[in-house]
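Enquirer: model this:
(one chain, ligands or ions: 1)
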Amino acid sequence: MLSLSLVLSAAADTVPPAALDGPYLFYGEEGVVARWANTEEHTAEQQAYTAATATTLPHFTTFRPELVDLDRDFSPLPAKQYTGVSKIVALSDIHGQFETGRKLLLANGVIDRNNNWTFGTGHLVVVGDIFDRGDQVTETLWLIYNLQVQATAAGGMVHFLLGNHETMVLEGDDRYLNAKYRITTSLLGKFYHELYGPDTHLGRWLRSLPLAVEINGTVFIHGGLSREVVREVSDIGRINQLYHDYLIDAEDMNEVISESPRMNLLHGRLGPLWYRGYFSKNTFTERDLEYVLRKTSADRIVVGHTSFTAVQGFYNNRIIAVDSSIKFGSVGEVLILEDGAAYRGTITGQRIPLSTETTK
Ligand code: CA
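Expert: Next comes the predicted model:
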């Protein structure tokens with residue numbers, strides 16, 4: 001045991017795992033090819049990828065070939081409503097801060113030290129924005145991917161909801177990309193969005209993800225549901241469907257948006273991925289909240305996207321903001337919903353009842 005751990009740590013010292021970026025799995029006519037970059041040594045490698053060759057890949061921080069099914073069906077699933085879920089953990093806006101995200105999941109009983117699912121039949125909700133800003137986006141994506149497979153096998157679920165940074169990447173908007181991924185793209189000779197194109201495994205996965213999910217009467221959605229959107233489309237399953245049918249992989253998204261006022265609304269500042277209105281006194285009132293909850297038949301809405309220093313409740317916890325500024329890389333919290341109660345879960349595993357005082 002001792003010699004094995006010495007060997008492992010020696011190997012880790014020579015090549016920091018975070019320098020190995022990948023693998024990116026591309027489907028082609030000749031089969032699947034795994035490509036990756038060493039962003040410190042400025043080298044790129046590739047090899048044919050099958051279940052057999054997968055085990056010969058170098059060690060990536062979170063990539064687990066035994067959990068990858070190349071033939072997986074990634075058709076978008078209609079949003080389901082889940083009821084009777086015993087426990088829920090939600091977090092958002094990890095923005096490439098893999099270590100902070102991992103610590104939060106570990107401290108709050110979602111994973112063990114080896115990044116395996118330990119949350120049983122509970123549901124984990126990642127309320128968007130794994131991409132951009134930080135330098136461990138790929139590690140975070142593979143972690144959540146793995147947990148989704150393991151959770152499903154355990155009778156739990158992982159819901160990774162699209163955020164505006166997921167759709168920005170799919171659309172080719174790389175303004176917020178960490179410098180590390182400029183090295184990867186240059187070494188692999190690809191644009192960043194091509195690393196997540198429809199011919200890639202993670203790209204297909206991303207294109208199957210919903211914008212919203214409802215669990216135990218709580219709707220989770222990255223930006224929020226505005227009065228304007230709910231007046232136009234009140235069913236979250238329909239919002240997911242419209243988004244996938246008309247915007248994900250649209251030949252020309254700008255054309256779709258300019259020709260359809262409804263899609264323009266869904267993809268705009270009042271749309272579910274960009275909305276910040278709940279936190280602005282001038283644009284949103286208690287009456288608006290009553291309207292939105294009544295139209296969507298929900299009790300509560302949990303959102304990311306707008307950053308706070310902690311998980312925070314508004315309107316007597318009928319709106320809960322879970323973007324706890326993980327993006328800065330040292331802080332963060334998760335929301336825990338269990339037995340009808342709401343808690344802040346800290347990075348040291350402390351549970352703090354979410355204040356029911358109306359913040360505004
Ligand atoms: Ca966002």
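Enquirer: so what's the residue count around the residue of the stretch 201-350 of the chain found nearest the ion?
Expert: Residue nearest to the ion within the stretch 201-350 of the chain: His305 (3.9 Å; CB to the ion). C-beta: built from backbone N, CA, C; applies to glycine. His305 has 26 neighbouring residues, counting by other CB atoms under 10 Å.
Enquirer: you'd agree it is in a helix?
Expert: No - going by DSSP: H, G, I helix; E, B strand; the rest coil, the assignment for His305 is coil, not a helix.
Enquirer: can you pull the contacts of it?
Expert: Residues near His305 by CB atoms under 8 Å, 6 or more residues apart in numbering: 92-93, 128-129, 163-164, 222-224, 273-276, 323.
Enquirer: which bits of this protein sit near the ion?
Expert: 129, 163-164, 305 (CB under 5 Å from the ion).
Enquirer: and Glu286, what is it in contact with?
Expert: The contact partners of Glu286, by CB under 8 Å, 6+ apart, come to Tyr315.
Enquirer: swap that for Thr61, please
Expert: Contacts for Thr61 (CB under 8 Å, 6+ apart) come out as 17-18, 20, 98, 136, 139, 142.
Enquirer: show me which of these are buried.
Expert: 18, 20, 98, 136, 139, 142 (16 or more other CB atoms under 10 Å).
Enquirer: just those residues: which are in helices?
Expert: Among the buried ones among the contacts of Thr61, the members found in helices (DSSP state H) are 98, 139, 142.
Enquirer: do you know how far the first one is from the ion?
Expert: When you say that, I think you mean Phe98. To the ion, Phe98 is 18 Å away according to CB to the ion, to the nearest Å.
Enquirer: touching, that residue and Thr140? I think so.
Expert: Yes - assessed by CB atoms under 8 Å, Phe98 is found in contact with Thr140 at 4.6 Å.
Enquirer: mind listing the helices for the stretch 51-200 of the chain?
Expert: 98-107, 137-154, 164-171, 179-188 (DSSP state H, counting those that start in this stretch).
Enquirer: would CSV of these with mean pLDDT and distance to Val292 be doable?
Expert: Output for the helices of the stretch 51-200 of the chain, formatted as CSV (pLDDT from 0 to 100; distance: least, CB to CB, whole Å):
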stretch, mean pLDDT, distance to Val292
helix 98-107, 97, 29
helix 137-154, 98, 28
helix 164-171, 95, 19
helix 179-188, 97, 36
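Enquirer: so for Pro58, which of these sits nearest?
Expert: Closest of these to Pro58 is helix 137-154, at 13.5 Å (criterion: CB to CB).
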